[in-house]
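Asker: Turn this into a structure:
(one chain, ligands or ions: 2)
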Amino acid sequence: MSYIEFVGVCKDYPAGDGVVHAADHVTFGIEKGELCVVLGPSGAGKTTVLNLLGGMDRATSGVIRVGDREITGMDARRLTDYRRLDVGFVFQFYNLMPNLTALENVELARQVCQNALDPREVLEQVGLGSRMNNFPAQLSGGEQQRVSIARALCKNPALLLCDEPTGALDSATGAQVLSLLTRLSRDFGATVVIITHNASIAKLAARVIRLRSGAVEKVKLNKHPLRVEEIEW
Ligand SMILES: Nc1ncnc2c1ncn2[C@@H]1O[C@H](COP(=O)(O)OP(=O)(O)OP(=O)(O)O)[C@@H](O)[C@H]1O
Ligand SMILES: [Mg+2]
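Answerer: Ligands and ions are numbered 1, 2, ... in the order given. This next block holds a predicted model:
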């Protein structure tokens, strides 16, 4: 059994008089410590799958397991704990609080989570030790995304979920962010799931899940994932 398991997961959203099958019998597994990329065209169900995995949304049917826990069977309270304590989220547009400094943004994570890491140390690790007291507007896009990764990492999560983390970045800054994410899985054993539109980024991953129209079209295992310096994009 894999660390993460989706078994016949469906998610329907109401749309007009009918429903949209945003996830349509989705089944896959992801191993612990793996870097996994989720690819697929717009509307394929990538964000839906990530939100279900992160406990931000509930499946209509099917089973989702993470480790020895069944996410789909959790009551609201346990689901909140799971979201707070076990999952780190990185969004495309960073979602930082504009009126808080980089350090204060990362400190937010400590308020929801007891096993949090030291926010200053985590900011050092993402290369922002000298920018802690800057506000988001004083930082570049790549720096803001690194603050948002630091905020997710500060929770010391077993699972890091990233929705288009480099979508708003130029290629050089995107490469910095991707190096950081690959290092987390390789050196720290975090399970990292990255949604992207960019097929080149898939070459970094040990597992690539391709979605289309809410369903898994293909799963590809990569025995020799490339390093960030080796991909072109
Ligand atoms: N809250 C919602 N209510 C209604 N429909 C939704 C909702 N969320 C998603 N959908 C629909 O579900 C389908 C899958 O959406 P999803 O956001 O998962 O796609 P995606 O693969 O992440 O696309 P993108 O690459 O554009 O971000 C789409 O048709 C979308 O319109
Ligand atoms: Mg999306």
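Asker: So the residue lying closest to Val219 once chain neighbours are set aside versus Ala15, what's the distance?
Answerer: Sequence neighbours aside, Ile209 is the residue nearest to Val219 in space, at 5.3 Å (criterion: C-beta to C-beta, 6 or more residues apart in numbering). C-beta here means a position set from N, CA and C on the backbone, and glycine is covered the same way. When distance is defined by C-beta to C-beta, to the nearest Å, Ile209 is 24 Å away from Ala15.
Asker: more neighbours, the two?
Answerer: Per other C-beta atoms under 10 Å, whichever of Ile209 and Ala15 has more neighbours is Ile209, with 25 against 10.
Asker: tell me the secondary structure for that one?
Answerer: Classification of Ile209 by DSSP: H, G, I helix; E, B strand; the rest coil places it in strand.
Asker: For this protein, what lies in contact range of ligand 1?
Answerer: Within the chain, the positions adjacent to ligand 1 are Tyr13, Ala15, Val20, Ala22, Gly40, Ser42, Gly43, Ala44, Gly45, Lys46, Thr47, Thr48 by C-beta under 6 Å from any ligand atom.
Asker: Which of these fall within strands?
Answerer: Counted as lying in strands by DSSP state E, out of these, are Tyr13, Ala15, Val20, Ala22.
Asker: which residue packs closest to the first one, ignoring adjacent ones?
Answerer: Read that as Tyr13. Val20 (4.8 Å).
Asker: Can you work out which other helices and strands pack against the helix or strand bottoming out on mean pLDDT in the chain?
Answerer: Least confident helix or strand, the chain: helix 171-188 with a mean of 88, by mean pLDDT, DSSP states H and E. With contacts defined as 3 or more C-beta pairs under 8 Å, 6 or more residues apart in numbering; DSSP states H and E, helix 171-188 has these neighbours: strand 35-39, helix 141-154, strand 159-163, strand 191-195.
Asker: just checking, what packs against the second one?
Answerer: This points to helix 141-154. With 3+ C-beta pairs under 8 Å, 6+ apart as the test, helix 141-154 has strand 87-90, helix 102-112, helix 119-125, helix 171-188 packed against it.
Asker: Lovely, talk soon.
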